[in-house]
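Student: Give me a model of this one.
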Amino acid sequence: PRAAARLHAGLVADVTGVGRDADGVWMTRPAWSGRIRATIACRGDGPVMMSVRPRAFTDADPVATTAELIDVDVDDDPHPRVRLISRQTKAAGRDIRDSEVLVAGGAGIAGDLDLLDRLAVALGGAVAVSRRPVDMGLAPRAIQVGQSGKTVRPRLYVAIGISGASPHLAGIRGAEYVVSVNKDRSAPICSVSDIAVEGDGRVFIEGLLERIAATRTHTQGDGS
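Tutor: Predicted structure coming up:
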């Protein structure tokens, strides 16, 4: 914000998409608690500033560059402009954006989140949720995926009991592989899934856990 003010430029925060047309630059960001995506157009020749939501974009190829390192001693400054008021240590915890495997649950399995945890452990991943379990007070907002939560890019995203409203789909558009389980074959999440399973999420999890356990037992029995 300070840099934007000095440049007399507007600042668009939490950007999840950006593009350019004949009239200038446009950006998209969540609005109304993630219920809609707003498009902000920046016209003219002045600078355009934005802050980007983590994991909203893929990493670009690194560009080799050189810089000059200048050491500045600020300890003897008689009129310091920055003063440390307090320091707080961030609580330790795993960020779902760092996990390559996410097992996510929605309203359809909100009462059985412990099953999600068991499957996540078996797959070596982490548990995530859609907005509904958070609003119901069953899960913390720190593990919510979507425009009002976090944007994720896992290699595997398993969505169980999630219908797939547009804010949630925007949060998983970078997922490499999506598997969904839903009783409604017309649920929006099915249209973006690599594998869509029509059925009960609890039955799916229990069956998959049995298959994983059997596979591991067979592998250990072979000594491999």
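
Student: Quick one: residues contacting the residue nearest the centre of the chain.
Tutor: For the chain, residue 151 is the residue whose C-alpha lies nearest the centre (C-alpha atoms, centre = their mean; 2.2 Å). By C-beta atoms under 8 Å, 6 or more residues apart in numbering, the contact list for residue 151 reads 16, 53-56, 97, 145, 170-172, 174. Glycine gets a C-beta too; all of them are placed from N, C-alpha and C.

Student: same thing but at 6 Å, please
Tutor: Under the criterion of C-beta atoms under 6 Å, 6 or more residues apart in numbering, the contact list for residue 151 reads 53, 55-56, 171.

Student: From those residues, pick the one nearest residue 107.
Tutor: Distance to residue 107, by C-beta to C-beta, is smallest for residue 171 among the contacts of residue 151, at 16.0 Å.

Student: doesn't residue 146 make contact with the closest one?
Tutor: Yes: the pair residue 171 / residue 146 is scored as a contact, 4.1 Å apart, by C-beta atoms under 6 Å.

Student: More neighbours: which of the two?
Tutor: For residue 171 and residue 146, the more surrounded residue by other C-beta atoms under 10 Å is residue 171, and the numbers stand at 30 against 26.

Student: List the contacts of that one.
Tutor: Counted by C-beta under 6 Å, 6+ apart, residue 171 has contacts 145-147, 151.

Student: Show me which pair in those residues is furthest apart.
Tutor: Most distant of the contacts of residue 171, by C-beta to C-beta, are 145 and 147, 9.4 Å apart.

Student: Not counting sequence-adjacent ones, nearest residue to residue 52?
Tutor: Excluding the flanking residues, the one nearest residue 52 by C-beta to C-beta, 6 or more residues apart in numbering is residue 15, at 5.1 Å.

Student: and the gap between the one you found and residue 42?
Tutor: 11 Å (C-beta to C-beta, to the nearest Å).

Student: so how far is the top helix by length along the chain off the chain centroid?
Tutor: Longest helix in the chain by number of residues (criterion: DSSP state H): helix 201-221. Using C-alpha atoms, centre = their mean, to the nearest Å, the distance from the centre of helix 201-221 to the centre of the chain it belongs to is 28 Å.

Student: other SSEs contacting that helix?
Tutor: helix 113-123 (3 or more C-beta pairs under 6 Å, 6 or more residues apart in numbering; DSSP states H and E).

Student: Pull out the buried positions in the helix it packs on.
Tutor: 115-116, 118-120, 122-123 (16 or more other C-beta atoms under 10 Å).

Student: JSON lines for these, including distance to residue 184?
Tutor: JSON lines is the format used below for the buried residues of helix 113-123 (distance: C-beta to C-beta, whole Å):
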{"residue": "115", "distance to residue 184": "20"}
{"residue": "116", "distance to residue 184": "19"}
{"residue": "118", "distance to residue 184": "24"}
{"residue": "119", "distance to residue 184": "21"}
{"residue": "120", "distance to residue 184": "24"}
{"residue": "122", "distance to residue 184": "26"}
{"residue": "123", "distance to residue 184": "24"}
